[in-house]
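Undergrad: Mind folding the following:
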Amino acid sequence: MIEAVGLRKVYGKKVAVHDLSFTVRPGIVTGFLGPNGSGKSTTMRMVVGLDRPTAGHVLVDGKPFAQHHAPLSAVGALLDAKAVHTGRSARKHLQAMAATAGVPRRRVEEVIDLVGLREVAGKRAGGFSLGMGQRLGIASALLGDPSTVMFDEPVNGLDPDGILWIRNLMKDLAAQGRAVFVSSHLMSEMALTAQHLVVIGRGRLIADESVQSFVDRVQPRGVVVRTPQVAELTELVRAAGGTLRPIGDGSFDVRELSAERIGDAAAARGVALHELTTVKASLEEAFMELTAGAVEYQAHAGGAGAPTAAAPAPSTAVPSASGVDARPVREEVSR
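TA: Got it, this is the predicted structure:
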């Protein structure tokens, strides 16, 4: 379980995260969404102590991550799958992590099988494809059998089979009672995987609610109606103050009227309806609409314009695939 309370992170004059509070509960997959530069990665780094909050705090199972005696059993984090010793094999990388954290060696073989790297476990990680590197990063995150799992863009580089695998893995981890916190820009995957969303923009909280509640904030896109009695449908829709346009296959997109009102009017006039479907916004459409005012980096139409804001201060610490870095915590930048 992750509890963030009043998190704030400032780099010089740049406020990366502003008064952010949310809870990631066990037993569900919580999606962490936001435009580029919204502060997602900074927030995830603060969870595992790689960035120190300027204000506020974050707890994992009731206490700061640094106070856990077995940190890999508290949080398994995939923040940067490339942060591995490229000269080591996948097995050696995991064995080194296990030895450092006091994890039994048999667990190494378990996670190798879990992520499907058995055939390449003896090969150098530096020669791995992007997808194989992601699987190794996920294996590293799961090595300590953690109660909380945190993934940043876990499907990056995976093929369709791999995407289906990680989707089901996250659901299985949540079903086991773990807290699963996943950041992704793939709205289609979040719609299929997450039950709850934490959405931020420019470091501020936009939404902390179920996926369905978030989507329902956006008005329905219209009603699809299909009927063999086109003339009668046209007449009743216009009489009720609606508009319609053909969309193929004898179907019409009706606006300004609800499905219930169309159905009642059609029944009253004896018009047969073969389809009556309310078209709701997708998660992607809801996200684009509700975060429109929080987009920090935006391309300009008609040319290669400059971004609307300067990039945040670069990181001086690189997380390992387990989310733990041996170097000191990054402090605020003095300017």
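Undergrad: contacts and neighbour counts: CA atoms only from here.
TA: Will do.
Undergrad: Can you show me the helices along the stretch 1-150 of the chain?
TA: For the stretch 1-150 of the chain, the helices defined by DSSP state H, counting those that start in this stretch cover 40-47, 71-74, 90-101, 105-114, 130-142.
Undergrad: Please work out which of these is packed deepest.
TA: Most buried of the helices of the stretch 1-150 of the chain, by mean neighbour count (mean count of other Cα atoms under 10 Å): helix 130-142, with a mean of 26.
Undergrad: Low-confidence ranges, the chain, go.
TA: For the chain, the stretches flagged by pLDDT under 70 are 296-335.
Undergrad: May I see the helices of the stretch 1-150 of the chain organised as CSV, with distance to residue 236 added?
TA: Below are the helices of the stretch 1-150 of the chain laid out as CSV (distance: least, Cα to Cα, whole Å):
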stretch, distance to residue 236
helix 40-47, 49
helix 71-74, 61
helix 90-101, 67
helix 105-114, 58
helix 130-142, 55
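Undergrad: Specify the stretch among these that is closest to residue 276.
TA: Taking Cα to Cα, helix 40-47 is the member of the helices of the stretch 1-150 of the chain nearest to residue 276, at 39.8 Å.
Undergrad: Need the residues that contact the closest one.
TA: With contact meaning Cα atoms under 8 Å, 6 or more residues apart in numbering, helix 40-47 is reached by 2, 16-17, 32-34, 51-53, 58-60, 65, 79, 150, 152, 183, 200, 203, 323.
Undergrad: what about residue 57, neighbour count?
TA: 19 (other Cα atoms under 10 Å).
Undergrad: so what's it up against?
TA: Applying Cα under 8 Å, 6+ apart, the residues near residue 57 are 4, 5, 6, 7, 64.
Undergrad: So which bits of stretch 261-268 are buried?
TA: For stretch 261-268, a neighbour-count test (16 or more other Cα atoms under 10 Å) marks 262, 263, 265, 266 as buried.
Undergrad: CA atoms of it as CSV?
TA: Extracted as CSV, the C-alpha positions of stretch 261-268 are listed here (Å, rounded to 0.1, in the frame of the first residue of the first chain):
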residue,chain,number,x,y,z
ARG,A,261,-35.9,9.3,-25.3
ILE,A,262,-35.2,7.9,-28.8
GLY,A,263,-36.5,4.5,-27.7
ASP,A,264,-39.7,5.9,-26.2
ALA,A,265,-40.4,8.1,-29.2
ALA,A,266,-39.8,5.1,-31.6
ALA,A,267,-42.1,2.9,-29.5
ALA,A,268,-44.9,5.5,-29.5
